[in-house]
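> Here is a sequence together with a model predicted from it:
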Amino acid sequence: MTTNQLIEQIQKKQSFLCIGLDVDLNKIPKHLLKEDDPIFAFNKAIIDATHHLCVAYKPNTAFYEAYGIKGWKALEKTINYLNKNHPEIFTIADAKRGDIGNTSTMYAKAFFEDLSFDSVTVAPYMGKDSVEPFLAFKNKHTILLALTSNAGAFDFQTKMVNDMEVYKQVLETSKTWQNSENLMYVVGATKAEYLADIRKIVPDSFLLVPGVGAQGGNLQDVCKYGMNDSVGLLINSSRGIIYASNDQDFAEAAAKKAEDLQLQMKQIIS
Ligand SMILES: O=C(O)c1cc(=O)[nH]c(=O)n1[C@@H]1O[C@H](COP(=O)(O)O)[C@@H](O)[C@H]1O
């Protein structure tokens, strides 16, 4: 999907919500455990109930890899279901990859070619040659970790090196890389006050902002500092939406939580 197509969807749906599909078999409704593939059954029900309220889904691959081959199959079924039934949805493989060049090329093939995701999250720590193999894929997006939502973000990302915080160096330096127009960045919702500075460096880039909901990030603050003329934000919530209920009504309850956020987004956009 191109960035312009994503912007069109945001305008059409009046939403910039991304729903995180972080499936934990200990948290899903018990009746689904009888299904052949409980993870996919859960995702399908969530997608069917919420696709009109969001513009993106983000399965975090850890939640699938943890279940071995069955988990990976469920991830494949989920992305195929989305691509077949909802091609208008932007898909994010939250895999946080990045390695020496030839290895990154194989990661990129795994997520962009084999699984056909629109985007993948990538760690910048290994630098240019570890990220450019992802950027080489046309109409695919590399979402680089800039300033993450967790407490550990202060261990390295905000440290000063040569008079500039490391996360700002990630933003500045990555802009010089080949095909940098395919970059988006992760900024945690819990760090909303940093967004004004971040927007000075990357005014036009899309930002994936996780941390609203379970981690306590505030939607209004994120929008106040992080929104640009095309919105430029994908706000992710995972547990706060998908585990709204662990009973028969789980999909409806998730839709209600998603709708609460979408209505706030609609108000902010208009
Ligand atoms: O890359 C991410 O999506 C990510 C970056 C970050 O800084 N913080 C963060 O929480 N995430 C992911 O976003 C999701 C947040 O989930 P909830 O806290 O349940 O909404 C998880 O899949 C995290 O791994």
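Cool, got the structure.

> which residues does residue 202 contact?
Going by C-beta atoms under 8 Å, 6 or more residues apart in numbering, residue 202 touches 171, 175, 185. All C-beta spots, glycine's among them, are computed from the backbone N, C-alpha and C.

> Next one: it from residue 187, what distance?
The gap separating residue 202 from residue 187 is 10 Å, by C-beta to C-beta, to the nearest Å.

> tell me which of the contacts of residue 202 is nearest to residue 92?
residue 185 (12.7 Å; C-beta to C-beta).

> The closest one - how many residues pack around it?
Other residues near residue 185 number 23, with proximity taken as other C-beta atoms under 10 Å.

> which other helices and strands contact the helix or strand where it lies?
Using DSSP states H and E, residue 185 sits in strand 183-187. Where contact means 3 or more C-beta pairs under 8 Å, 6 or more residues apart in numbering; DSSP states H and E, strand 183-187 is packed against strand 141-147, helix 195-201, strand 207-210.

> Could I get the contacting residues of the closest residue to residue 75 other than its chain neighbours?
Leaving aside its sequence neighbours, residue 75 sits nearest to residue 64 (C-beta to C-beta, 6 or more residues apart in numbering; 4.0 Å). By C-beta under 8 Å, 6+ apart, the contact set of residue 64 is 23, 39, 71-72, 74-75.

> Check residue 31 too.
Shown in contact with residue 31 (C-beta under 8 Å, 6+ apart): residue 248.

> and with 6 Å instead?
By C-beta atoms under 6 Å, 6 or more residues apart in numbering, the contact list for residue 31 is empty.

> picking up where we left off before, specify which member of the contacts of residue 64 is nearest to the ligand.
Nearest to the ligand among the contacts of residue 64: residue 23, at 10.7 Å, using C-beta to the nearest ligand atom.

> Which parts of this structure are strands?
Remark: strands assigned in the chain by DSSP state E are 17-20, 56-58, 90-97, 119-122, 141-147, 160-161, 164-165, 183-187, 207-210, 233-237.

> Tell me the confidence at residue 39?
As predicted, residue 39 sits at a pLDDT of 98.
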